[in-house]
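*Asks:* predicted structure and sequence below. I'll ask about it afterward.
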Amino acid sequence: MKTTITLLAAAALMAMSAAARADTMMSAQWTAKACEQWNKTPGLTNELADKWVKNDGGKGFKVIHLYRSECGEASKTELRITAKDGKAVCSYGGKVETAALDTSIDYVMHASTEKWGEMGRGEYGPMRAMMFGRLAFDGPKLEAMSVMGPFENFLLLVGKVEGDAAACPQ
């Protein structure tokens, strides 16, 4: 009996320790992990490699700013996507470095923590998210509509990166 209690206590401590290690959802650290996950997702790296990533305004990359609505615009983070070796690769994920966006090529996306979670679990895709106002974004809407499959992979990426949503990023 004592061994069982000790094992249960150890398992509980390990679970709490893992939760404590989770980065705050959409913090700079979380976004760096999202960047790594992007590069492991062929539905993003391959399917956006053609026209989408090349629409960069001549700067050599596209930018996506993300945030949780209740945390406010000041909590934005940045993903930078670059054309490299015939793929659309994430070359940077972290704090905002590209402050001035060109919304004819770059994106700003935000949703409530709850809605990010629903989209990340695949409960609905980008079309429904945008039509019902669950995902707000600025950017080239026609371009986004032309890449709905990869866009769905992007939303699912949010569910693949462990994150603690109890607090807003600092």
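*Replies:* Sure thing, it's come through.
*Asks:* nearest spatial neighbour of residue 91, skipping sequence neighbours?
*Replies:* Sequence neighbours aside, residue 82 is the residue nearest to residue 91 in space, at 4.2 Å (criterion: C-beta to C-beta, 6 or more residues apart in numbering). The way it works is simple: take the backbone N, C-alpha and C, and place the C-beta from them, glycine included.
*Asks:* now the helix or strand where the one you found lies, how far from the chain's geometric center?
*Replies:* Assigned by DSSP states H and E, residue 82 falls within strand 77-84. Centroid separation for strand 77-84 versus its chain: 11 Å, with C-alpha atoms, centre = their mean, to the nearest Å.
*Asks:* in that strand, which residues are buried?
*Replies:* Residues of strand 77-84 classed as buried under the neighbour-count rule (16 or more other C-beta atoms under 10 Å) are 77, 78, 79, 80, 81, 82, 83.
*Asks:* pretty sure residue 110 contacts residue 134?
*Replies:* No - proximity of residue 110 to residue 134 does not meet the contact threshold set by C-beta atoms under 8 Å, at 10.6 Å.
*Asks:* looking at the two now, which is surrounded by more residues?
*Replies:* Counted by other C-beta atoms under 10 Å, residue 110 and residue 134 do not tie: residue 110 has more neighbours, with 22 against 18.
*Asks:* and the spatially closest residue to residue 92 that is not a sequence neighbour, bridged to which residues?
*Replies:* With sequence-adjacent residues excluded and distances taken as C-beta to C-beta, 6+ apart, residue 92 is closest to residue 80, at 3.9 Å. Judged by DSSP bridges, the bridge partners of residue 80 are residue 63, residue 92.
*Asks:* quick check, pLDDT for residue 80.
*Replies:* For residue 80, the pLDDT comes out at 98.
*Asks:* ditto for residue 126
*Replies:* 88.
*Asks:* on that earlier part again, keeping just the C-alphas, turn the strand holding residue 82 into PDB.
*Replies:* Output in PDB follows, covering the C-alpha atoms of strand 77-84 (Å, rounded to 0.1, in the frame of the first residue of the first chain):
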ATOM      1  CA  THR A  77       4.600  37.300 -31.100                       C
ATOM      2  CA  GLU A  78       6.000  36.800 -34.500                       C
ATOM      3  CA  LEU A  79       6.600  33.900 -36.900                       C
ATOM      4  CA  ARG A  80       8.800  34.700 -39.900                       C
ATOM      5  CA  ILE A  81       8.400  32.400 -43.000                       C
ATOM      6  CA  THR A  82      11.100  32.300 -45.600                       C
ATOM      7  CA  ALA A  83      11.500  30.500 -49.000                       C
ATOM      8  CA  LYS A  84      14.400  28.100 -48.600                       C
END
